[in-house]
Each structure stands twice: as C-alpha cells, then as structure tokens.
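S.K.: no sequence on this one, just coordinates:
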C-alpha cells in the first residue's frame, strides 16, 4: 500500500474522530461508542489491497464526516417543558434549505431507549427560510 493511501486513511481516521467529538459534545458515552465503532471499521479493513475498494472506503470517510458534521442533530430533553430542544447550526440550516427532501419538521423518532416515544420537539432557532 502506498504511503499516500496510508496518509489519507490516517487523515480520515482523525477527521472522523474530530467529527464525532463535535457531534457528541458533552455526551461521553456516545463519544466512547463512536470511537470504538470508528476504530473497529478501520481495523476490519486494514489489510484491504484492492485499489478500487480502498478509494471507495476513502470516499465513504469523507461522506461520513460530512454527515456527522452537517446531517445529524442531537436534541436534549428540557425537563421543565418536557420537550426536546436542538440547536441548528448555520451549515445545517443551509443544507435544509438546499435539500428538497428535508423539511424542518422531519426528525427521526426517538425510541424508548432514548426518551419518550412521542416527544414534543422544539427547534431553538429562527426559521431556515
């Protein structure tokens, strides 16, 4: 494997870990699980020798980083109101404006493991449009 590919893979590994730190800021359990999962995927593929597969995985690293930084919102339960609140960053808001398939109200359901099965969701930002 060329040193260029190794360098890109290590750079990708660091980018994914920085992205998960931003995404799960303050959530130590989620950060720990994300680090373990990222490491597991890199370990599983460390002996890959097919150049096409390697290039595809390097592209997937960039896509995963973009998704973690711009495509996922994390909400917090406001115990006073019983609602989940989330802060939408400007780059996330611009993505919502550009993507015809996404509206400000499309939020994946919260399961019994993560909270009430029918929560009230409060978006703590101005309208995107």
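M.R.: Done, it's in. In this text the structure is predicted, and so the values were computed from the model without any measurement.

S.K.: helices or strands up against the longest helix belonging to the chain?
M.R.: In the chain, with assignment by DSSP state H, the single longest helix is helix 3-23. Using 3 or more Cβ pairs under 8 Å, 6 or more residues apart in numbering; DSSP states H and E, the elements in contact with helix 3-23 are helix 28-44, helix 51-66. (Each C-beta comes from the backbone N, C-alpha and C, glycine too.)

S.K.: contacting residues around residue 30?
M.R.: Listed by Cβ atoms under 8 Å, 6 or more residues apart in numbering, the contact partners of residue 30 are 20, 23-24.

S.K.: of these, which is the most crowded?
M.R.: residue 20 (23 neighbours; other Cβ atoms under 10 Å).

S.K.: report pLDDT for the residue lying closest to that one once chain neighbours are set aside.
M.R.: The spatial neighbour of residue 20 that comes closest, neighbours along the chain excluded (Cβ to Cβ, 6 or more residues apart in numbering), is residue 34 at 3.8 Å. If you check residue 34, the pLDDT there is 94.

S.K.: return the residues in contact with residue 34.
M.R.: Neighbouring residues of residue 34 by Cβ under 8 Å, 6+ apart: 20, 23-24.

S.K.: export the residues you listed to JSON lines and append columns for distance to residue 84 and pLDDT.
M.R.: Listed next are the contacts of residue 34 as JSON lines, based on distance: Cβ to Cβ, whole Å; pLDDT from 0 to 100:
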{"residue": "20", "distance to residue 84": "21", "pLDDT": "94"}
{"residue": "23", "distance to residue 84": "16", "pLDDT": "89"}
{"residue": "24", "distance to residue 84": "16", "pLDDT": "88"}
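
S.K.: please produce TSV containing those, extended by distance to residue 55.
M.R.: Formatted as TSV, the contacts of residue 34 follow (distance: Cβ to Cβ, whole Å):
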residue	distance to residue 55
20	23
23	25
24	28
